[in-house]
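S.K.: just to be clear, the model below is a prediction. Sequence and coordinates:
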Amino acid sequence: MLKQGLTGEAAMKVAKGNTAMEVGSGSVPVFATPMLVALMENAAINALKGQLEDGQTTVGMKVDVAHTAATPIDMTVTAHAELVEVEGRRLRFKVTAVDDAGPVGEGTHDRFVVDQAKFMAKVEQKSG
C-alpha cells in the first residue's frame with residue numbers, strides 16, 4: 001500500500017547535451033526545462049522503488065512545474081519528490097529542484113499506477 005511521505009531524489013550534471021540549445025527548447029546553453037521535468041519525474045519514480053506490487057509500474061500523467069532559475073553547464077541539479085496524495089491509482093508528488101546556488105524549480109507531478117503487461121498490450125494494440 002502506497003502512503004504519503006515517500007521521498008525520492010535524482011541528480012544530473014548540466015552538460016552540453018542537456019541544455020536548452022541542444023534539446024530544442026531554447027537558444028541558451030543552460031539546463032533545459034524538459035530535462036528539469038524529466039529529472040523531477042525520475043525523483044518521483046525513485047520514491048516508489050520497492051513499493052509497487054509485482055507487475056506494476058507507474059506512468060506520468062501530469063506535470064505542473066515552474067522553472068524559476070537558470071543553471072549553467074558544469075553545475076549539478078538535484079530534484080526531490082515527496083508523495084503527498086494517493087487517490088486510488090493516482091499519485092501526486094510535490095517536486096522541487098535545486099542547483100549548487102539554490103532553488104531552480106518547483107511544482108507537482110502526477111503518476112498513475114498501472115499493470116505493466118496490460119499497459120503494454122494496449123500500446124502494442126494501438127501501434128497495429
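M.R.: Noted; the coordinates are in hand.
S.K.: which strands and helices sit next to the longest strand seen in the chain?
M.R.: Assignment by DSSP state E gives strand 102-115 as the longest strand of the chain. Strand 102-115 is packed against helix 33-47, strand 56-67, strand 76-87, strand 90-99, with contacts defined by 3 or more Cβ pairs under 8 Å, 6 or more residues apart in numbering; DSSP states H and E. The way it works is simple: take the backbone N, C-alpha and C, and place the C-beta from them, glycine included.
S.K.: name the surrounding residues that touch the helix or strand following that strand.
M.R.: Heading C-terminal from strand 102-115, the first helix or strand you meet, by DSSP states H and E, is helix 116-127. The contact list for helix 116-127 (Cβ atoms under 8 Å, 6 or more residues apart in numbering) reads 55, 56, 57, 59.
S.K.: likewise stretch 35-46?
M.R.: In contact with stretch 35-46 (Cβ under 8 Å, 6+ apart) are residues 8-12, 18, 23, 58, 60, 63, 65, 67, 77, 79-81, 83, 91, 93, 95, 97, 104-105, 107, 109, 111.
S.K.: pLDDT-wise, which helix or strand of the protein ranks last?
M.R.: Every helix and strand of the chain was ranked by mean pLDDT, DSSP states H and E. The lowest is helix 116-127, at a mean of 95.
S.K.: got the angle for it vs strand 102-115?
M.R.: 90 degrees (axes from the mean of the first three to the mean of the last three Cα atoms, to 10 degrees).
S.K.: helix 116-127 versus strand 56-67: what angle between them?
M.R.: Using the same axes, to 10 degrees: helix 116-127 against strand 56-67 is 70 degrees.
S.K.: pull helix 116-127 out as CSV, backbone CA atoms only.
M.R.: What follows is helix 116-127, C-alpha atoms only, in CSV (Å, rounded to 0.1, in the frame of the first residue of the first chain):
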residue,chain,number,x,y,z
GLN,A,116,2.7,-3.1,-16.9
ALA,A,117,1.7,-6.1,-19.1
LYS,A,118,-1.8,-4.7,-19.7
PHE,A,119,-0.5,-1.3,-20.4
MET,A,120,2.0,-2.5,-22.9
ALA,A,121,-0.7,-4.7,-24.6
LYS,A,122,-2.8,-1.6,-25.1
VAL,A,123,0.2,0.2,-26.5
GLU,A,124,1.0,-2.6,-28.9
GLN,A,125,-2.6,-2.8,-30.0
LYS,A,126,-2.6,0.9,-30.8
SER,A,127,0.5,0.6,-32.9
